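>>> Quick one, structure for this:
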Amino acid sequence: MKNESADHKVALITGCSSGIGYDLADRLTEAGYTVVATARQIGSLEKLNAAMKLTLDVTDELSINSALAETMKAYGRLDILVNNAGYGFCGSVEELPEKELRAIFEVNFFGAVKLMRAVSPLMRERKTGTIVNISSIAGKLPTVGGGGYCASKFALEGLSDAFRQELKPFGVRVILIEPGLIGTCFQRTMDRLSEEITGRSLSPYRSMYDQNHSMVTKARKMEAKPGAVSDVVLKAISAKNPKARYLVAVPLALKLLMRLGDGKRDRILEAVTGKR
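You can find the predicted model right below:
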């Protein structure tokens, strides 16, 4: 269904090869936005319905500049940036290889920062624009074995809140989307990448990894579809006065937990994760 507020606005989305990014690119196109869908491997976008499909590696500044240059050459404007590209890696803080921790930050945090810094001058000059950062409930609540991923999302949330204040006088909006469990290949990919760490039989965190896997497996039976995130993004970017952050597919129990003070929340999390 066409969205009157779209008005042929140009939206660039990262990480469109699957999951949330793929669904969002399709949904925004359907709503009347001019979508520039990007991914590291452009072949993964072959069947996607989008105005333009480009190769974009968020860890590569030259790749970012090239994608933005092609977008501006084709349309002369960029109204919306959606930083969606991201990935996770499971491992205790002690066992998580530093190279993996740095890689997580390069994609989830620094990749988004590079894109925001690149598009903000374009938006400031026109005194309008919207930056949407796809964060996670993990950017609010830590998970055992997910310290690296959580840290990258906590960092993204803090930077987004600061940049929101800095860009507001120029008419540019910064919005955080905080999904819970969404039915994509994210978890399967993370499990595969982390297997060398989480599969160690002699790891002192062996029972923690097993418990965490069991909890996630049960929780994933109630996961939402990627369209739930797309619905919220569409609502946010078309709102006259969007909220700073939007929760998506987060159970009531976790919403209530987030409202508690640090002390109470910490005690509850420790009680839950301490049963090993």
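>>> Just give the number of residues close to residue 74.
The burial count assigned to residue 74 is 14, neighbours taken as other Cβ atoms under 10 Å. Any C-beta I mention is one placed from the backbone N, CA and C, and that applies to glycine too.
>>> Any buried residues in the helix or strand where it lies, and which?
Assigning secondary structure by DSSP states H and E places residue 74 in helix 61-75. By neighbour count on 16 or more other Cβ atoms under 10 Å, the buried set for helix 61-75 is 63-64, 67-68, 70-71, 75.
>>> Which is the succeeding secondary structure element to it?
strand 80-83.
>>> so what strands line up beside that following strand?
strand 10-13 (parallel), strand 129-134 (parallel) (DSSP bridges).
>>> centre of the chain versus it, how much separation?
10 Å (Cα atoms, centre = their mean, to the nearest Å).
>>> Give me the residues contacting it.
9-14, 21, 24, 33, 58, 111-112, 115-116, 119, 129-134, 233, 237 (Cβ atoms under 8 Å, 6 or more residues apart in numbering).
>>> Just the C-alphas of it, formatted as PDB.
Coordinates of each C-alpha in strand 80-83 appear next as PDB, following Å, rounded to 0.1, in the frame of the first residue of the first chain:
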ATOM      1  CA  ILE A  80      16.600   8.300   4.900                       C
ATOM      2  CA  LEU A  81      19.500   6.100   6.000                       C
ATOM      3  CA  VAL A  82      18.700   2.800   7.700                       C
ATOM      4  CA  ASN A  83      21.800   1.300   9.400                       C
END
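>>> I'd like the next helix or strand past it.
helix 98-105.
>>> Next, the buried residues of that following helix.
100-101, 103-105.
>>> For that helix, list the C-alpha coordinates in PDB.
Provided in PDB are the C-alpha atoms of helix 98-105 (Å, rounded to 0.1, in the frame of the first residue of the first chain):
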ATOM      1  CA  GLU A  98      39.800 -10.000  20.500                       C
ATOM      2  CA  LYS A  99      39.800 -10.200  16.700                       C
ATOM      3  CA  GLU A 100      36.100 -11.200  16.900                       C
ATOM      4  CA  LEU A 101      35.300  -8.400  19.300                       C
ATOM      5  CA  ARG A 102      36.900  -5.900  17.000                       C
ATOM      6  CA  ALA A 103      35.100  -7.400  14.000                       C
ATOM      7  CA  ILE A 104      31.700  -7.100  15.800                       C
ATOM      8  CA  PHE A 105      32.400  -3.400  16.500                       C
END
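>>> So for that helix, mean pLDDT?
The average of the pLDDT scores along helix 98-105 is 96.
>>> Also stretch 18-34?
Mean predicted confidence for stretch 18-34 is 96.
>>> Stretch 244-254 too?
87.
>>> Buried residues, it. List them.
Those would be 245-250, for stretch 244-254 by 16+ other Cβ under 10 Å.
>>> Among those, which one lies nearest to residue 42?
Nearest to residue 42 among these, counting by Cβ to Cβ, is residue 248 at 27.7 Å.
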